[in-house]
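>>> all I have is the shape, not the residue letters:
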DNA sequence: ATTATAAACCTGTCATACAGGTATGGGGGA
DNA sequence: TCCCCCATACCTGTATGACAGGTTTATAAT
């Protein structure tokens, strides 16, 4: 039989600290009490408070920095990214499944982006797509541009949850992207991939959701085909 | 200037342990070395190893239990759920945004479920929908049935990433569901909500993706309207 | 061969100590 | 009066040693 108020002192501390954030309506950037004062207040050792802090820092609920007090954190996909990577490495998730989720989500994202993007975002998106064309011989740089393209697109949707999820996939994408790139060996296939990004950016800039969806769809058809060619999972 | 191999001993330990899991192809359930042996191997104190373990346990990469050795964990939405709740509580995410993401994803899920569901899942889905009808006067039970309906639907899609994401939303949904329910005060509006679930279950059982999408769409139209009526964010 | 039991091992928590980073207030200089 | 610099108090990072209590393993008795 488990006492619900106590799944170990660390769990209790995690609960207490979370509650402290909620009850005091702390916002990102606001600072928490020091380890010592929490340890006294909760009647546990500093060890316990520190482990609770690590736990909360792991999911980016708080930020830790040496010397400074812990602070409430802004939402950040890094933690989710690690979870996804773990799922893939342990064969609980495969890359195709991630692509299916991405396609589903990015189709919606591109629709919203075409409607809600700011002018700056439209400009930046085009700039990234064009920079990609110029980086065709620098795969590392090309990959980073590709990732930032999709991330900026997600931001343009004005829904932080989409941004979070797309960000969460980028960790594993960094590991699989080169495989997809290698399976597009001909200049033609590579040009196509770059041109598709330009098409998406243009459609979003033109506030044309239909066209944007069509281009995004083509992008995923092509990407998934490339991955299958490479025999990925 | 930062030495990349060292963002603090704990970070290093986290990296080393993650690498250990990857390099040895450990699968969920496999056990890790003890704190003491890791502490010796990595030349750090047990304190550091413990904090690293807490960190990895936070994102459900490992499971901890007293007396037992740490073990590789199966993927689990609990951690993601906490992150989402934190985002909502700190006004970085609002409930409507979550509903937009859910609609996007569940539309896809229901399509896949109609195609890939097992017979057992079809039966269970119908059973849950019918149980919901009988629980119309027990909101707490009704909510749990509702949540398990959507979770089972996600599982029926045969894509664990969908299951993960839907699971991640259930924490915050538990907190907002009652609000939506209260804003359906008339028997008619409540019956409609229940009937929609039955419709979805029937369409999935009938392997009719079109109809399933239509019913799911109706479900979300109705839910979002209910939330707006309640003035939620 | 089975079961009971003891030993070995492991995690949970605490107290203490110290190194090094951060912030804050006061004093000196302009 | 205002600003900059520095001493100091505060805070986090890490290590060590200790002990309680849960788990596994090996041993011994049946």
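Received, thanks. Keep in mind the model is a prediction, meaning the values are calculated, not measured. Residues are numbered from 1 along each chain as shown, chains lettered A, B, ... in the order given.
>>> tell me where chain A has strands.
In chain A, strands defined by DSSP state E lie at A:62-63, A:71-72, listed in chain order.
>>> what distance separates stretch A:25-41 from the centre of its chain?
Shown here is stretch A:25-41, whose average C-alpha point lies 27 Å from the average C-alpha point of the whole chain (CA atoms, centre = their mean, to the nearest Å).
>>> spell out whether it and DNA strand D are in contact.
Yes. Using CB under 7 Å from any atom of the strand, a contact is recorded between stretch A:25-41 and DNA strand D, made by A:34-37. Every C-beta, even on glycine, is put in place using the N, C-alpha and C of the backbone.
>>> list only buried entries from the residues you listed.
When burial is judged by neighbour count using 16 or more other CB atoms under 10 Å in any protein chain shown, the buried members of the residues of stretch A:25-41 next to DNA strand D are residue A:35.
>>> nearest to residue B:205, of the residues of stretch A:25-41 next to DNA strand D?
The shortest approach to residue B:205 among those belongs to residue A:35, at 54.7 Å (CB to CB).
>>> and that closest one, how close does it get to DNA strand C?
Computed with CB to the nearest atom of the strand, to the nearest Å, the distance linking residue A:35 and DNA strand C is 10 Å.
>>> list the contacts of that residue.
Residue A:35 makes contact with A:46, A:49-50, A:53, A:70 under the criterion CB atoms under 8 Å, 6 or more residues apart in numbering or on different chains.
>>> pick the one among these closest to DNA strand C.
Here the nearest of the contacts of residue A:35 to DNA strand C, counting by CB to the nearest atom of the strand, is residue A:46; it sits at 5.6 Å.
>>> and for the residue nearest to the closest one when sequence neighbours are not counted, the neighbour number?
Counting by CB to CB, 6 or more residues apart in numbering or on different chains, residue A:39 is the residue found nearest to residue A:46 once chain neighbours are left out, at 4.6 Å. When neighbours are defined as other CB atoms under 10 Å in any protein chain shown, residue A:39 has 19 of them.
>>> and what of residue A:175?
When neighbours are defined as other CB under 10 Å, residue A:175 has 12 of them.
>>> swap in residue A:156?
What residue A:156 shows, counting by other CB under 10 Å, is a neighbour count of 25.
>>> follow-up on the earlier one: among the contacts of residue A:35, which pair sits farthest apart?
A:46 and A:70 (12.8 Å).
>>> who has more neighbours, those two?
Under the neighbour definition other CB under 10 Å, residue A:46 and residue A:70 were set side by side, and residue A:70 has more, 21 against 14.
>>> next up, phi/psi of the more buried one, please.
Main-chain torsions, residue A:70, degrees, to the nearest 10: phi -60, psi 150.
>>> quick one: contacts for the one residue in chain A that gets nearest to chain B?
Nearest residue of chain A to chain B: residue A:58, at 3.4 Å (CB to the nearest CB). For residue A:58, the residues meeting the contact criterion (CB under 8 Å, 6+ apart) are A:79, B:54-56, B:58-59, B:79.
>>> likewise residue A:154?
When the contact criterion is CB under 8 Å, 6+ apart, the partners of residue A:154 are A:106, A:109, A:113, A:162-163, A:165-167.
>>> how about 7 Å then?
A:109, A:162-163, A:166 (CB atoms under 7 Å, 6 or more residues apart in numbering or on different chains).
>>> could you do residue A:153 as well?
A:109-110, A:113, A:125.
>>> residue A:9 too?
When contacts are counted by CB under 7 Å, 6+ apart, residue A:9 touches A:44, A:48.
>>> how about 10 Å then?
The neighbours of residue A:9, taking CB atoms under 10 Å, 6 or more residues apart in numbering or on different chains as the test, are A:42-45, A:47-49, A:51-52.
>>> how about the residues of chain A by DNA strand D?
Going by CB under 7 Å from any atom of the strand, the residues of chain A near DNA strand D are A:34-37, A:46-47, A:50, A:53, A:64-70.
>>> in a markdown table: the contacts of residue A:58, plus distance to residue B:195 and pLDDT.
Formatted as a markdown table, the entries for the contacts of residue A:58 read as follows, by distance: CB to CB, whole Å; pLDDT from 0 to 100:
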| residue | distance to residue B:195 | pLDDT |
| --- | --- | --- |
| A:79 | 39 | 95 |
| B:54 | 46 | 97 |
| B:55 | 46 | 97 |
| B:56 | 45 | 97 |
| B:58 | 41 | 96 |
| B:59 | 39 | 94 |
| B:79 | 35 | 95 |
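>>> distance of the closest residue in space to residue A:82 that isn't next to it in sequence relative to residue B:227?
Once flanking residues are discounted, residue A:82 sits nearest to residue B:59: 5.8 Å by CB to CB, 6+ apart. When distances are taken as CB to CB, to the nearest Å, residue B:59 and residue B:227 turn out to be 30 Å apart.
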